[in-house]
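# Turn this into a structure:
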Amino acid sequence: MNQRGTSLDSNAYTRLLQACIDMKTLAGGRTVHTHMQNTGFEPDVYLVNNLVNMYAKLGSLKDAREVFNKMPEQNVVSWTSMITGYVQQGFAEEALRLFCQMRMAGISSNQFTFAIVIRACTSLTALEPGKQIHSGIVKSGFDKNVFVGSALGDMYAKSGNIDDALEVFNEIPNRDAVAWNAMINGYVQNEQGNKALKLFFEMQHAGMTPNQFTFASVLKACGKLAILEQVHSFVVKYGIQWDVIVGSALVDMYAKCGSIQDARQVFDKMPEHDVISWSSMVAGYAQDGDGEEALRLFCQSQEAGVNPDQYTFASSLKACTGLGILKWGKQIHVQIIKAEFESDIFVASALVDMYAKCGDLQYGHRVFDKMHKRDEVAWNGMIIGYAQNEHGEEALKLFCQMRQADIKWDLFAFVGVLKACVSLVALEQGKQVHSHVIKSGFDSETSVGNALIDMYAKCMAVEDSRKFFEKMVHRDVISWSAMIGGYAQNEHSEEALKLCLQMHAAGIKLSEFSFGSSLKACASLAALKQGKQFHACALKTEFESDVFVGSALVDMYAKCGSIDDASNVFYRIPELNIVSWNAMIAGYAQNGCGKDAIQLFKNMQCLGIKPNDVTFVGVLSACSHIGLVDESHHYFNSMKRDYGITPREEHYACMVDLLGRAGRLDEAEKFIHRMPVEPHAVVWRTLLAACRIHGNLELGKLAAKRALELEPADAATYVLLSNIYAATGRWDDALQVRNMMKVKGVKKKAGSSWIEIKNKVHAFVVGDRSHPQMEKILSELEKLNEQMKGRGYVPDTKFALYDVEKEEKELSLSHHSEKLAIAFGLISTRPGTPIRVIKNLRACGDCHTAIKFISKIVKREMVVRDASRFHYFKDGLCSCGDYW
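Numbering: from 1, shown residues only. Sure, this is the predicted structure:
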């Protein structure tokens, strides 16, 4: 344009200014304005209003205000254009201030002025000023105007006053699509989806054709897939399925309804994609648990030239969180910083959540501390992150700080802090949190209820756990699984299995977690037949290939003494994880297959699978059971040297146990004194047990003294010390120890054994005659005793721990719980049937000898699992080679 050429008329300038708005060129608009000035053109008020409008719409409020202030006269259009500019650029407060100045200047508002200032009130959630302006609208007679009415309805709806919005809507005589859309959207925003859908159908009956904005709102009301599909058919009917706004809404809702395939189908058919459609698709895959596809689409969106917005970034971070891949999360963080989205509360909260749940708590807290404003997501992310990473005290501290920061606790905060109580085994704090749950009204929320069941169970308050479980109105599969798991973890195995049957009867399908807990209960009871039944169910439901269930099956079979079945399951698991390997290694060790355990460990190393601390407990235990002293030192030293694993008390106890079994008690004592940390009671107790086996009274007394200094109420230490005294004939000292237990209120754990017969577990305790078939059992034992003595069996009375006559000692030995269980098994099963017994304590030497005799007499295999290992008896021999 020749700035010094012929001047144009007002209409030409108006058209040029509109063209600049359409082309979004502020520079072009300034050129037109400069041309007016250079040619001496005197614009009328109409053209000046267009100048104000152009500058405002193109974001230059300074220029717009300068032109506005220089106007010799300002009419309603001038004021409205300037107010509109402020609202559109996010300066709603300035817009309301200018509106007040307009009224003071005596300028009457028109429908456009009222509509835009109501919009300013909406953006500020300023309901009171909005109501005052509404009063002015009624006085001015614009309350029936469709444009003003739509704005009023939107304001009331967004402030939560949906009834007032409906009243305004009903008073509009000639409603256009904008009015209908505002009301439909109001219902959606107020979570009244059914009313939104009803109004959508009324809109069509009134002869109004829905547009893309109608569908963008009404699709959000489709909480169920069937309704969504119905509305989708209307989209096709009206021929706007290719509109990018509608397409994005369809993608978003199909994903939220859990139909990610339908979402992808709509997405792929869209002729063009905007940032909303990409974000919806990324969020959909992240929500569906397919983090890899979510991140693939995130990269594709950038390759397509679409810049991510805050929602795209947040969804991609959620995908990283789900995958647990910190490296990718950090890369996205770099992009967020470059795109200047780090200060966005939505993105910052997602960053905190990602870092915390991926284990980088330090960086997560750094982002958290930088946030000027923190929402519930940020607080919850940090609380859950600390809880999951065993920093329960920090999680509890943040939970308290959250309330102090005037942020209301929500269900995620409660779930997170209850996990923290679990990590700390903090029952009292857990009860306090439960009290807050009730006060906050979240006790009826299933997810919070599940967390409470889990907390009580893992804090060893399983009765409280069951009480809450029974009170729950809505129980899902997680509720049942948590309760079954609680029973299994607290060694209430029979209750766990009963509840599992109730779960099945209630029509709730077993999940991988309920399978795992049920199998753990079977393992604890050595209930092989029931374990096999669960295995059959796992096969039918295709859960056997699940690594969690597969590992539990391996553990169950191993602990039931069926090591071949354990091995078969292990090699059928498609993707083995560290839990699977550990279960199989520990299974081999416990079943006396030490060489197999060590070979499996070597196979694991060859495959590049990094062992953890649990792996080495299994390996050292395997060495202990077969007396590999030198090899055990190699593996123990390898932990720190090759894998950076700091030995725990279990590893030290394994080493002491190994040296003790081998009779190298002095070496075991020296090993304890060389420990870089203060030995725990379990280490001294392990040495004491070895002294009991080898009859070393003096060292045993020292070990007992150290153990009781650390755990003065531990019954096992007193019993072991008393047994050493008894075995060496020092009956007075043995009695003194037992009297000490009575004075201190320490109760001995009764020796018990159990056996599974016809899917029922029968338990036996020494001296207990409550079993209905006890007479037959004792008769069978008496017969066996005679047969054993005829073959050379001599009761080893040193294992009779009371100073009584020899006959009484022998009788006492013959009634040990494992012998009672075996006798019951013999009279309850067909000849030749293997007998499987489990005992909660270490089998005594006399019982071990007796069972060898019995296995030869009755010509049956006998499997006994004691607290130490499995013993396989056959033809008068034991698999342990009398080394246990």
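
# can we go C-alpha only for contacts and neighbour counts from here?
Noted.

# okay, the longest helix anywhere in the chain in PDB with CA atoms only?
The single longest helix within the chain, with elements called by DSSP state H, is helix 774-790. C-alpha atoms of helix 774-790 as PDB (Å, rounded to 0.1, in the frame of the first residue of the first chain):
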ATOM      1  CA  MET A 774      -7.500 -90.100  68.800                       C
ATOM      2  CA  GLU A 775      -8.000 -93.700  70.200                       C
ATOM      3  CA  LYS A 776      -7.300 -95.200  66.800                       C
ATOM      4  CA  ILE A 777      -4.300 -92.900  66.300                       C
ATOM      5  CA  LEU A 778      -2.700 -93.900  69.600                       C
ATOM      6  CA  SER A 779      -3.400 -97.500  68.900                       C
ATOM      7  CA  GLU A 780      -1.600 -97.200  65.500                       C
ATOM      8  CA  LEU A 781       1.300 -95.500  67.200                       C
ATOM      9  CA  GLU A 782       1.600 -98.200  69.800                       C
ATOM     10  CA  LYS A 783       1.700-100.800  67.100                       C
ATOM     11  CA  LEU A 784       4.300 -98.900  65.200                       C
ATOM     12  CA  ASN A 785       6.500 -98.500  68.300                       C
ATOM     13  CA  GLU A 786       6.500-102.200  68.900                       C
ATOM     14  CA  GLN A 787       7.500-102.900  65.200                       C
ATOM     15  CA  MET A 788      10.200-100.200  65.300                       C
ATOM     16  CA  LYS A 789      11.700-101.500  68.500                       C
ATOM     17  CA  GLY A 790      11.700-105.000  66.900                       C
END
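
# Just name whatever secondary elements the host helix or strand of residue 726 is in contact with.
Using DSSP states H and E, residue 726 maps to helix 715-727. Identification of packing neighbours for helix 715-727 by 3 or more C-alpha pairs under 8 Å, 6 or more residues apart in numbering; DSSP states H and E yields helix 681-694, helix 697-710, helix 731-744.

# How far away from the center of its chain is that helix?
45 Å (C-alpha atoms, centre = their mean, to the nearest Å).

# low pLDDT regions in the stretch 501-650 of the chain?
Filtered on pLDDT under 70, the stretch 501-650 of the chain yields no residues whatsoever.

# And the strands in it?
Assigned by DSSP state E, counting those that start in this stretch, the stretch 501-650 of the chain shows no strands.

# What of the stretch 751-884 of the chain?
752-757, 760-765, 835-839, 862-865, 870-874, 877-878.

# what does stretch 740-749 rub up against?
713, 714, 715, 716, 718, 719 (C-alpha atoms under 8 Å, 6 or more residues apart in numbering).

# what do you get if the cut-off is 6 Å, keeping everything else the same?
713, 715 (C-alpha atoms under 6 Å, 6 or more residues apart in numbering).

# Which strands or helices does the one helix or strand residue 147 maps to pack on?
Residue 147 is part of helix 146-158, with elements assigned from DSSP H and E. Applying 3 or more C-alpha pairs under 6 Å, 6 or more residues apart in numbering; DSSP states H and E, one finds that helix 146-158 makes contact with helix 111-123, helix 162-171, helix 177-189.

# Could you take those and lay them out as JSON lines, with extra columns for mean neighbour count, distance to residue 140 and mean pLDDT?
Shown next, in JSON lines, are the helices and strands packed on helix 146-158 (neighbours: other C-alpha atoms under 10 Å; distance: least, C-alpha to C-alpha, whole Å; pLDDT from 0 to 100):
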{"stretch": "helix 111-123", "mean neighbour count": "23", "distance to residue 140": "9", "mean pLDDT": "94"}
{"stretch": "helix 162-171", "mean neighbour count": "18", "distance to residue 140": "15", "mean pLDDT": "92"}
{"stretch": "helix 177-189", "mean neighbour count": "24", "distance to residue 140": "20", "mean pLDDT": "91"}
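
# out of the ones you listed, nearest to residue 33?
helix 111-123 (25.3 Å; C-alpha to C-alpha).

# how big is the angle separating the closest one from helix 146-158?
Orientation check (axes from the mean of the first three to the mean of the last three C-alpha atoms, to 10 degrees): helix 111-123 against helix 146-158 gives 10 degrees.

# so what secondary structure elements neighbour helix 111-123?
helix 146-158.

# contact partners of the helix it packs on?
111, 115, 122, 165, 168, 172, 175, 179, 182, 186.

# Redo these as JSON lines? Include distance to residue 761.
Compiled in JSON lines, those are given as follows (distance: C-alpha to C-alpha, whole Å):
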{"residue": "111", "distance to residue 761": "83"}
{"residue": "115", "distance to residue 761": "78"}
{"residue": "122", "distance to residue 761": "69"}
{"residue": "165", "distance to residue 761": "67"}
{"residue": "168", "distance to residue 761": "72"}
{"residue": "172", "distance to residue 761": "76"}
{"residue": "175", "distance to residue 761": "75"}
{"residue": "179", "distance to residue 761": "71"}
{"residue": "182", "distance to residue 761": "67"}
{"residue": "186", "distance to residue 761": "62"}
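
# that older thread, I would like the residues contacting the longest helix of the chain, please.
Residues outside helix 774-790 that contact it (C-alpha under 6 Å, 6+ apart): 823, 824.

# For it, buried residues please.
Under the neighbour-count criterion of 16 or more other C-alpha atoms under 10 Å, helix 774-790 has 777, 778, 780, 781, 782, 784, 785, 788 buried.

# Among the strands of the stretch 751-884 of the chain, which comes closest to residue 505?
strand 760-765 (19.0 Å).

# got the angle for the closest one vs strand 835-839?
Computed by the same axes, to 10 degrees, the angle between strand 760-765 and strand 835-839 is 50 degrees.

# average pLDDT across strand 760-765?
Averaged across strand 760-765, pLDDT comes to 90.

# orientation of that strand relative to strand 752-757 in degrees?
Relative orientation of strand 760-765 versus strand 752-757 (the same axes, to 10 degrees): 160 degrees.

# Paired strands for strand 760-765, with orientation please.
Its sheet considered, strand 760-765 pairs with strand 752-757 (antiparallel) by DSSP bridges.

# Convert the C-alpha atoms of the strand it pairs with to PDB, please.
The C-alpha coordinates for strand 752-757 follow below in PDB (Å, rounded to 0.1, in the frame of the first residue of the first chain):
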ATOM      1  CA  SER A 752       2.000 -78.500  66.000                       C
ATOM      2  CA  SER A 753       1.700 -80.600  62.900                       C
ATOM      3  CA  TRP A 754      -1.000 -80.900  60.300                       C
ATOM      4  CA  ILE A 755      -2.000 -83.200  57.400                       C
ATOM      5  CA  GLU A 756      -4.500 -82.800  54.600                       C
ATOM      6  CA  ILE A 757      -6.900 -85.600  54.200                       C
END
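
# which residues touch it?
So strand 752-757 is contacted by 527, 761, 762, 763, 764, 765, 817, 818, 837, 838, 839, 840 (C-alpha under 6 Å, 6+ apart).

# Nearest to residue 642 among those residues?
residue 840 (35.9 Å).

# ok so, going back, export the buried residues of helix 774-790 to CSV and tack on distance to residue 569?
Below are these laid out as CSV (distance: C-alpha to C-alpha, whole Å):
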residue, distance to residue 569
777, 36
778, 39
780, 38
781, 38
782, 41
784, 38
785, 40
788, 39
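
# Tell me the one among these nearest to residue 336.
Residue 336 has its nearest neighbour among those in residue 777, at 75.0 Å by C-alpha to C-alpha.

# That closest one and residue 827, how far apart?
7 Å (C-alpha to C-alpha, to the nearest Å).

# Residue 521 against residue 490, yeah?
No. Between residue 521 and residue 490 there is no contact under C-alpha atoms under 6 Å: 9.8 Å.

# ok, these two, which is more surrounded?
Comparing residue 521 with residue 490 by neighbour count (other C-alpha atoms under 10 Å), the higher total belongs to residue 521, at 28 against 16.

# For stretch 85-102, give me every contacting residue.
Against stretch 85-102 from outside (C-alpha under 6 Å, 6+ apart): 56, 57, 83, 120.

# and if you look at stretch 489-504?
Contacts for stretch 489-504 (C-alpha under 6 Å, 6+ apart): 484, 487, 488, 521.

# Let's see that with 10 Å instead.
Applying C-alpha atoms under 10 Å, 6 or more residues apart in numbering, the external contacts of stretch 489-504 come out as 457-462, 477, 480-481, 483-488, 505-506, 508-510, 514-515, 517-525, 527, 530, 760-761.
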